[in-house]
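Visitor: here you go, sequence then predicted model.
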Amino acid sequence: GDSVTQMEGPVTLSEEAFLTINCTYTATGYPSLFWYVQYPGEGLQLLLKATKADDKGSNKGFEATYRKETTSFHLEKGSVQVSDSAVYFCALRKTGGGNKLTFGTGTQLKVEL
Amino acid sequence: GAVVSQHPSRVICKSGTSVKIECRSLDFQATTMFWYRQFPKQSLMLMATSNEGSKATYEQGVEKDKFLINHASLTLSTLTVTSAHPEDSSFYICSTSGQGAGGETQYFGPGTRLLVL
């Protein structure tokens, strides 16, 4: 079945450091890929998405590129801030699968001054 | 984005009792609502999908008689955990999608922490 694998956390970085959170997926066909972010005490929020190969999703300085050849959708940000501290979830939605999402386990990011 | 609330945010109950969790879409009509369960350090697992006015569709392995879902209106869905046991302790999250909510985009509630003693 479909699955999403993302790197385990927590990831601890200093402010202004470069961030990469790895995400790979297993799915048949051409799924849409997503990154969601969950700030403390809040619900998951859509951060960015990509719907086809080579698409790049971007938002709030974060970006991720849909790489079909490596089945990956790694999240990157050039310079993190303390306010980026949250849990990040990679997810996929299968084409023709309704609106069902399959999530990774989440990666906690802690950014320190 | 759309606003989704859940109530209560956390609940502690005795084994054998039933607990109802509400999920409300505050500013759009949620034609579809999803219920997820999340264990510590694990991903969100979809439990069921409900469409307004019809019976919920449960994922494989989820007991429909134990986790009762009602989606009676476009703004409210409820999940009732019947005869709760300690193994039902978990974090329950709802999400919504529908008209006026960006189409297929899901909007998530903040979650409900259930502890069964």
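Guide: Arrived safely, thanks for sending. Numbering: from 1, shown residues only, chains lettered A, B, ... in the order given.
Visitor: only C-alpha atoms for contact and neighbour calcs from this point on.
Guide: Fine.
Visitor: do you know how far the closest residue to B:T105 other than its chain neighbours is from A:G98?
Guide: Nearest in space to B:T105, with sequence neighbours left out and distances taken as CA to CA, 6 or more residues apart in numbering or on different chains, is B:S97 at 6.0 Å. When CA to CA, to the nearest Å is the yardstick, B:S97 and A:G98 sit 11 Å from each other.
Visitor: contacts only, for the spatially closest residue to A:Q6 that is not a sequence neighbour.
Guide: If the residues on either side of it in the chain are set aside, A:Q6 comes closest to A:C23, at 4.3 Å by CA to CA, 6+ apart. If you count contacts by CA atoms under 8 Å, 6 or more residues apart in numbering or on different chains, A:C23 has them with A:V4, A:T5, A:Q6, A:M7, A:S72, A:F73, A:H74, A:L75, A:C90.
Visitor: looking at those residues, which are in strands?
Guide: For these, the ones inside strands are A:V4, A:T5, A:Q6, A:L75, A:C90, with DSSP state E as the criterion.
Visitor: count the residues that sit near the third one.
Guide: A:Q6 has 22 neighbours, counted by other CA atoms under 10 Å in any protein chain shown.
Visitor: who's in contact with it?
Guide: Applying CA under 8 Å, 6+ apart, the residues near A:Q6 are A:I21, A:N22, A:C23, A:T24, A:C90, A:G104, A:T105, A:G106, A:T107.
Visitor: same check on the first one?
Guide: A:V4 makes contact with A:C23, A:T24, A:Y25, A:T26, A:C90, A:A91, A:L92, A:T102, A:F103, A:G104, according to CA under 8 Å, 6+ apart.
Visitor: so the third one makes contact with A:G1?
Guide: Right, the one you point to is A:Y25. No. Applying CA atoms under 8 Å, one finds A:Y25 not in contact with A:G1, separated by 10.6 Å.
Visitor: these two: which is more packed in?
Guide: In this view A:Y25 and A:G1 are compared by other CA under 10 Å, and A:Y25 has more residues nearby, 23 against 5.
Visitor: distance-wise, check the more buried one relative to chain B.
Guide: 14 Å (CA to the nearest CA, to the nearest Å).
Visitor: so for the nearest residue to that residue once chain neighbours are set aside, what pLDDT did the model give?
Guide: Taking CA to CA, 6+ apart as the measure, A:Y25 lies nearest to A:V4, with 4.4 Å between them; neighbours along the chain are not counted. At A:V4, the pLDDT value in this model is 95.
Visitor: surely A:L47 forms part of a strand?
Guide: Yes. Checked against DSSP: H, G, I helix; E, B strand; the rest coil, A:L47 lies within a strand.
Visitor: A:Y36 is in contact with that one, correct?
Guide: Yes. Contact between A:L47 and A:Y36 holds when scored by CA under 8 Å: they sit 5.0 Å apart.
Visitor: show me where chain A has its helices.
Guide: For chain A, applying DSSP state H gives no helices.
Visitor: buried stuff in stretch A:27-40?
Guide: Of all the residues in stretch A:27-40, those buried under the rule 16 or more other CA atoms under 10 Å in any protein chain shown are A:P31, A:S32, A:L33, A:F34, A:W35, A:Y36, A:V37, A:Q38, A:Y39.
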